[in-house]
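Q: I would like the atomic coordinates for the input below:
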Amino acid sequence: MEYERLLSRYKYAELRIERGVVSRASIKDDEVRHSSGSYYGASIRVLEGGSWGFASSSNEDIVPLLEKAGRLAALNSGKIELIIPPIVKKEIKDKAEPVDEEGQMKALSDVSNEMKAEKITSRSVNCSDAVVRKEFYSSHGSEIIQESCYTFLSCSCVAKEGAIMQRGSDRASSRKGFGALELHKSAEGSREKALRLLKAAPPPKGRFIVIFDNEMTGVFAHEALGHACEADSIVERESILSDRMGKQIGNSLVSVIDDPGADDFGRYAYDDEGVVGKPVTLIEKGVLLGFL
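A: Numbering: from 1, shown residues only. Okay, the predicted model is just below:
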């Protein structure tokens, strides 16, 4: 292919192209807004003389971009060595029904009306849809095209009683299109949470044993462990876990696996370097065993 021919000028080079179509709908009380658009971006990374050069642009002509990345790589002589991943030629597409704009706006208006209740003073519904196409090409012949659909919904209510004001929110996401969202569950969840909080007592002070739900556990795992396990921060010794490999960092009841194949919002088949996604054990029985 033409891209492979251009990239093969260098010891190793890779081209990433991302393009997408995005739509956003919002309802604030009874005010309805909708917008849509598209975007494009490309980046090239070149390895030459043991040094990386990188350039990115929203221009579809990649030749100047390749030349710029090559010039930047030539500015230094380094000692970077690369293990070339296997050559892959794949096209992977999520299947989802196209968004019916009129039907979507009616459904969101119904959701907004469901959030009405005595003591609810304000409500908002936001929904975004995106179809993202990622292309990866390497000088060694890999061609990986991945097209994915993302839909995200958030519902929010503000409740007021006397001088007390509380906010309740709920979110939902789907990789299978708008029709797969549980709209009514999110609307009810945000409304009932706001109303419950009006009657909530302040939490007692002190240290307590707590039980997290799945979402809260995920937030803690992501923030406290996920970022600390990112390989670039490990290499740069910026992470608190840089020198903890093989050591006990948590309770022996805790095991954590990062699985890009899980059927959820963050799923991917190949990463942005053309490497197939596979499960990585970060912690096993409290012992740090891997990085991202």
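Q: Tell me the buried residues in the helix or strand encompassing residue 148?
A: Per DSSP states H and E, residue 148 falls inside strand 143-161. Neighbour-count burial for strand 143-161 flags 143-159 (criterion: 16 or more other Cβ atoms under 10 Å). Just so you know, the C-beta spots here come from the backbone N, C-alpha and C atoms, and that holds for glycine as well.
Q: Parallel or antiparallel, list what pairs with that strand.
A: strand 89-93 (parallel), strand 120-138 (antiparallel), strand 164-174 (antiparallel) (DSSP bridges).
Q: so of those strands, which one's packed in deepest?
A: strand 120-138 (a mean of 19; mean count of other Cβ atoms under 10 Å).
Q: Could you tell me the angle between the helix or strand in which residue 18 is found and strand 120-138?
A: Using DSSP H and E, residue 18 sits in strand 12-28. Here the directions of strand 12-28 and strand 120-138 differ by 160 degrees (axes from the mean of the first three to the mean of the last three Cα atoms, to 10 degrees).
Q: just use 49 as the starting number from now, easier for me
A: Sounds good: first residue 49 from here, last item strand 60-76.
Q: can you pull the buried residues of strand 60-76?
A: 60-68, 71, 73-75.
Q: Could you list the paired strands of it along with their orientation?
A: Strand 60-76 is paired, per DSSP bridges, with strand 79-96 (antiparallel), strand 168-186 (antiparallel).
Q: how about the last one as PDB, C-alpha atoms only?
A: Output in PDB follows, covering the C-alpha atoms of strand 168-186 (Å, rounded to 0.1, in the frame of the first residue of the first chain):
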ATOM      1  CA  ILE A 168     -37.100  19.000  41.700                       C
ATOM      2  CA  THR A 169     -36.200  22.500  40.700                       C
ATOM      3  CA  SER A 170     -33.900  21.800  37.800                       C
ATOM      4  CA  ARG A 171     -33.000  18.800  35.500                       C
ATOM      5  CA  SER A 172     -30.600  18.200  32.600                       C
ATOM      6  CA  VAL A 173     -30.100  15.400  30.200                       C
ATOM      7  CA  ASN A 174     -26.900  15.100  28.000                       C
ATOM      8  CA  CYS A 175     -26.200  12.500  25.400                       C
ATOM      9  CA  SER A 176     -23.300  12.100  23.000                       C
ATOM     10  CA  ASP A 177     -22.800   9.700  20.100                       C
ATOM     11  CA  ALA A 178     -19.500   9.000  18.300                       C
ATOM     12  CA  VAL A 179     -18.400   6.700  15.500                       C
ATOM     13  CA  VAL A 180     -14.600   6.600  15.600                       C
ATOM     14  CA  ARG A 181     -12.400   5.100  13.000                       C
ATOM     15  CA  LYS A 182      -8.700   4.400  13.900                       C
ATOM     16  CA  GLU A 183      -6.200   3.400  11.300                       C
ATOM     17  CA  PHE A 184      -2.700   2.200  12.000                       C
ATOM     18  CA  TYR A 185       0.000   1.600   9.400                       C
ATOM     19  CA  SER A 186       3.700   0.600   9.900                       C
END
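Q: Please compute how far that strand lies from its chain's middle.
A: On the basis of Cα atoms, centre = their mean, to the nearest Å, strand 168-186 sits 10 Å off its chain's mean C-alpha point.
Q: mind checking how far residue 176 is from residue 326?
A: Counting by Cβ to Cβ, to the nearest Å, the separation of residue 176 from residue 326 is 29 Å.
Q: my bad, residue 208
A: In terms of Cβ to Cβ, residue 208 sits 50 Å off from residue 326.
Q: Residue 288 now?
A: 26 Å.
Q: what is residue 331 paired to in the beta sheet?
A: residue 304, residue 336.
Q: picking that back up, could you work out the most separated pair of the buried residues of strand 60-76?
A: Between any two of the buried residues of strand 60-76, the greatest separation by Cβ to Cβ is 49.3 Å, found for 60 and 75.
Q: Quick one: the strands paired with strand 60-76 as a markdown table, columns for distance to residue 237 and mean pLDDT too.
A: Output for these, formatted as a markdown table (distance: least, Cβ to Cβ, whole Å; pLDDT from 0 to 100):
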| stretch | distance to residue 237 | mean pLDDT |
| --- | --- | --- |
| strand 79-96 | 22 | 95 |
| strand 168-186 | 13 | 96 |
